[in-house]
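K.L.:
Quick one, fold the following:
(one chain, ligands or ions: 2)
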Amino acid sequence: MNDSGFLGTLRARVAGLSNRGIELKSVGEIEAMRAAGLVVAGALRLVAQHAKPGVSTGELDELAEQHIRDAGAVPSFKGYHGFPASICASVNEQVVHGIPNRSQLLVEGDLLSVDCGAILDNWHGDSAVTLAIGAISEADQRLSDATRKALWAGIEAAVPGAKLTDLSFAIETAVREAEEAEGREYGIVEDYGGHGIGRQMHMEPYLANYGKPGKGPKLKVGMAIAIEPMLSLGSPTTEVLDDDWTVVTDDGSRAAHWEHTVAITDNGPWVLTAFED
Ligand code: MG
Ligand code: MG
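P.N.:
Ligands and ions are numbered 1, 2, ... in the order given. So this is what the prediction gives:
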């Protein structure tokens, strides 16, 4: 190895250490992730348009998969640790990782969380929405709204120079504000959180949805994080069903889940899985 090669390796190592193993993307790579993110956004929009009483979660899965493949992308969930579908469809007390099924028909009043991921040109996008099936209760609508607001509070905190847990704190603070405004309590689901994303779906760092600010790695331009708060109307703790996938609240209370893939840029957070910039 010549001197410049050695120095290059050394610099890469030092950079890697200072990033604590978090993948840094170039501007062009973030733009490639945006393309993957838009495929996911399109799949979720299609699912939202069709999620009505009488429709099965299996049908929604087929729509999402077709949309992803038509875009030249690959559904990242399908086959991931053996997961059998292209979306997670989690109904009511199901928090995440519900398995869509042709025989599971949605009914009026259901609260459906849909999580979707796609790989385009080796880059990942990951996003989730909670959908009202027909008319839902006011409590369920507020739960979903509070979760979505918490997501956007986390997104707004995702600026260069912030510490990772500044996002956790922003998410938790938004939840506490919603609780105060509504005179009720939400459970912030404890065992699941956000994650780094890029050439793989789940990368360093893990992002808790609650906690003190000012800890963890410093966010740098070129990092990308999937931010995904999950709230319940009751307990923050969960169980996994016998299918080894479906995560439910342990008290049976309803849950909501919103997620976006976000890039840290010089201009602030870029929400790669949202249509509006
Ligand atoms: Mg997801
Ligand atoms: Mg995710």
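
K.L.:
CA only for contacts and neighbour counts going forward, please
P.N.:
Will do.

K.L.:
Verify the stated contact: residue 168 with residue 206.
P.N.:
No: taking contacts as C-alpha atoms under 8 Å, residue 168 lies outside contact range of residue 206: 10.4 Å.

K.L.:
okay, those two: which has more neighbours?
P.N.:
Neighbours were tallied for residue 168 and for residue 206 using other C-alpha atoms under 10 Å; the higher tally belongs to residue 168 (28 against 18).

K.L.:
ok, and for the helix or strand hosting the more buried one, which residues are buried?
P.N.:
Residue 168 belongs to helix 164-182 when assigned by DSSP states H and E. By neighbour count with 16 or more other C-alpha atoms under 10 Å, helix 164-182 contains the buried residues 164-176, 178.

K.L.:
shaky segments in the stretch 1-150 of the chain?
P.N.:
1-18 (pLDDT under 70).

K.L.:
quick one, helices of it?
P.N.:
Assigned by DSSP state H, counting those that start in this stretch, the stretch 1-150 of the chain shows helices spanning 3-18, 27-50, 57-70, 138-156.

K.L.:
out of those helices, nearest to ligand 1?
P.N.:
When those are compared by C-alpha to the ion, helix 27-50 sits nearest ligand 1, at 10.1 Å.

K.L.:
Do any residues in the closest one lie close to ligand 1?
P.N.:
No: contact of helix 27-50 with ligand 1 (C-alpha under 5 Å from the ion) is absent, the minimum separation being 10.1 Å.

K.L.:
export the helices of the stretch 1-150 of the chain to TSV and tack on mean neighbour count and distance to residue 184?
P.N.:
Listed next are these as TSV, based on neighbours: other C-alpha atoms under 10 Å; distance: least, C-alpha to C-alpha, whole Å:
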stretch	mean neighbour count	distance to residue 184
helix 3-18	12	42
helix 27-50	21	28
helix 57-70	21	31
helix 138-156	22	10
